[in-house]
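Novice: Take this sequence and fold it.
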Amino acid sequence: MNNIERIFAGSDVGTLFPASERPSMIQNWLAQAAEPAGRVTIKAAAMERLLANQGAAKQLQMMDIVSVDGDFVAASPVEMQCPDGNVFGKGLVQVDSTDIEEGLGKKLMDSSVMCTTQMVLTEDAK
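Specialist: Take a look at the predicted model:
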(Lines give C-alpha, C1' and ligand atoms only; values in the text may rest on other atoms or scores of the structure.)
Protein backbone atom coordinates (compact mmCIF):
# COMPACT_ATOMS: atom_id res chain seq x y z
CA MET A 1 0.00 0.00 0.00
CA ASN A 2 1.48 3.42 -0.90
CA ASN A 3 1.30 6.50 1.33
CA ILE A 4 -1.71 8.04 -0.44
CA GLU A 5 -3.75 4.87 0.10
CA ARG A 6 -2.62 4.72 3.72
CA ILE A 7 -3.67 8.35 4.30
CA PHE A 8 -7.16 7.72 2.85
CA ALA A 9 -7.38 4.57 4.96
CA GLY A 10 -6.92 6.74 8.06
CA SER A 11 -3.34 5.80 8.94
CA ASP A 12 -0.94 8.29 10.46
CA VAL A 13 1.64 8.91 7.77
CA GLY A 14 4.40 11.49 7.75
CA THR A 15 5.77 13.92 10.26
CA LEU A 16 3.63 16.21 12.37
CA PHE A 17 4.82 19.80 12.81
CA PRO A 18 2.64 21.25 15.58
CA ALA A 19 1.63 24.86 15.23
CA SER A 20 3.17 27.38 17.55
CA GLU A 21 1.57 30.54 18.85
CA ARG A 22 2.09 33.46 16.55
CA PRO A 23 3.11 36.80 18.01
CA SER A 24 0.55 39.59 17.87
CA MET A 25 0.99 42.57 15.55
CA ILE A 26 2.19 44.65 18.51
CA GLN A 27 4.73 41.99 19.48
CA ASN A 28 6.00 41.78 15.88
CA TRP A 29 6.38 45.57 15.75
CA LEU A 30 8.21 45.58 19.10
CA ALA A 31 10.59 42.84 18.02
CA GLN A 32 11.32 44.15 14.52
CA ALA A 33 10.83 47.90 14.27
CA ALA A 34 10.18 49.69 17.55
CA GLU A 35 12.88 52.11 18.67
CA PRO A 36 13.03 52.08 22.48
CA ALA A 37 12.38 55.43 24.17
CA GLY A 38 14.07 54.25 27.36
CA ARG A 39 14.98 51.30 29.50
CA VAL A 40 13.72 49.76 32.73
CA THR A 41 15.86 47.54 34.93
CA ILE A 42 13.85 44.69 36.43
CA LYS A 43 14.54 42.50 39.45
CA ALA A 44 15.98 39.08 38.60
CA ALA A 45 12.99 37.29 40.17
CA ALA A 46 10.56 39.26 37.97
CA MET A 47 12.59 38.45 34.85
CA GLU A 48 12.59 34.75 35.73
CA ARG A 49 8.81 34.86 36.32
CA LEU A 50 8.21 36.48 32.91
CA LEU A 51 10.49 34.05 31.08
CA ALA A 52 8.98 31.00 32.82
CA ASN A 53 5.40 31.97 31.94
CA GLN A 54 5.71 33.37 28.43
CA GLY A 55 2.36 31.99 27.31
CA ALA A 56 0.47 33.20 30.36
CA ALA A 57 -0.91 36.70 30.75
CA LYS A 58 1.22 38.36 33.40
CA GLN A 59 1.80 41.92 34.48
CA LEU A 60 5.02 43.68 35.30
CA GLN A 61 4.39 45.54 38.55
CA MET A 62 5.93 48.74 39.87
CA MET A 63 7.66 46.78 42.66
CA ASP A 64 9.44 44.65 39.99
CA ILE A 65 11.38 47.67 38.67
CA VAL A 66 14.76 48.66 40.09
CA SER A 67 15.52 51.73 37.94
CA VAL A 68 14.46 53.76 34.90
CA ASP A 69 16.67 55.19 32.17
CA GLY A 70 15.20 57.75 29.78
CA ASP A 71 12.27 60.12 29.64
CA PHE A 72 9.20 58.48 28.09
CA VAL A 73 5.42 58.67 28.16
CA ALA A 74 2.79 55.95 28.52
CA ALA A 75 2.48 53.63 25.47
CA SER A 76 6.17 54.10 24.62
CA PRO A 77 8.32 51.10 23.71
CA VAL A 78 11.08 50.45 26.24
CA GLU A 79 13.79 47.85 26.67
CA MET A 80 13.72 45.58 29.69
CA GLN A 81 17.02 44.61 31.25
CA CYS A 82 18.03 42.46 34.20
CA PRO A 83 20.24 43.84 37.00
CA ASP A 84 23.44 42.63 35.26
CA GLY A 85 22.64 44.89 32.28
CA ASN A 86 21.58 42.26 29.74
CA VAL A 87 18.54 43.32 27.72
CA PHE A 88 15.98 40.50 27.59
CA GLY A 89 12.99 42.11 25.90
CA LYS A 90 10.91 45.11 24.91
CA GLY A 91 7.46 46.22 25.92
CA LEU A 92 4.96 49.06 25.88
CA VAL A 93 4.76 50.82 29.22
CA GLN A 94 1.40 51.83 30.63
CA VAL A 95 2.74 54.78 32.65
CA ASP A 96 5.22 57.65 32.20
CA SER A 97 8.85 57.34 33.30
CA THR A 98 8.32 60.02 35.97
CA ASP A 99 5.46 58.00 37.48
CA ILE A 100 7.63 54.88 37.53
CA GLU A 101 10.48 56.78 39.23
CA GLU A 102 8.08 58.13 41.86
CA GLY A 103 6.72 54.62 42.51
CA LEU A 104 10.09 52.82 42.80
CA GLY A 105 10.29 50.80 45.98
CA LYS A 106 6.63 51.32 46.83
CA LYS A 107 3.87 48.74 46.94
CA LEU A 108 1.00 50.39 45.13
CA MET A 109 -2.48 48.94 44.67
CA ASP A 110 -2.89 49.45 40.92
CA SER A 111 0.75 49.41 39.94
CA SER A 112 0.78 47.59 36.62
CA VAL A 113 3.54 48.94 34.39
CA MET A 114 3.40 46.51 31.49
CA CYS A 115 1.33 43.51 30.34
CA THR A 116 2.84 40.48 28.57
CA THR A 117 0.42 40.88 25.67
CA GLN A 118 2.37 44.05 24.88
CA MET A 119 5.86 42.68 25.37
CA VAL A 120 8.31 40.49 23.50
CA LEU A 121 11.09 38.54 25.19
CA THR A 122 14.32 37.58 23.45
CA GLU A 123 15.10 33.94 22.84
CA ASP A 124 18.67 34.20 24.17
CA ALA A 125 17.46 35.42 27.56
CA LYS A 126 16.38 31.92 28.61
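Novice: could you pull out the helices for this protein?
Specialist: 3-8, 25-32, 44-52, 97-103 (DSSP state H).
Novice: Select, out of those, the one closest to residue 117.
Specialist: helix 25-32 (7.5 Å; Cβ to Cβ). Every C-beta, even on glycine, is put in place using the N, C-alpha and C of the backbone.
Novice: Show me which positions of that closest one end up buried.
Specialist: Neighbour-count burial for helix 25-32, counted by 16 or more other Cβ atoms under 10 Å, picks out 26, 27, 30.
Novice: for the protein, what spans make up the strands?
Specialist: Along the chain, counting by DSSP state E, strands occupy 38-42, 59-61, 65-69, 77-81, 87-92, 112-115, 119-121.
Novice: Which neighbours in the sheet does the fourth one have, and how are they oriented?
Specialist: It stands for strand 77-81. Paired neighbours of strand 77-81 in the sheet (DSSP bridges): strand 38-42 (parallel), strand 87-92 (antiparallel).
Novice: What mean pLDDT does the shortest one get?
Specialist: Going back to what we said before, that points to strand 38-42. Across strand 38-42, pLDDT averages out at 95.
Novice: ditto for the longest one
Specialist: Per-residue pLDDT values across strand 87-92 average out to 92.
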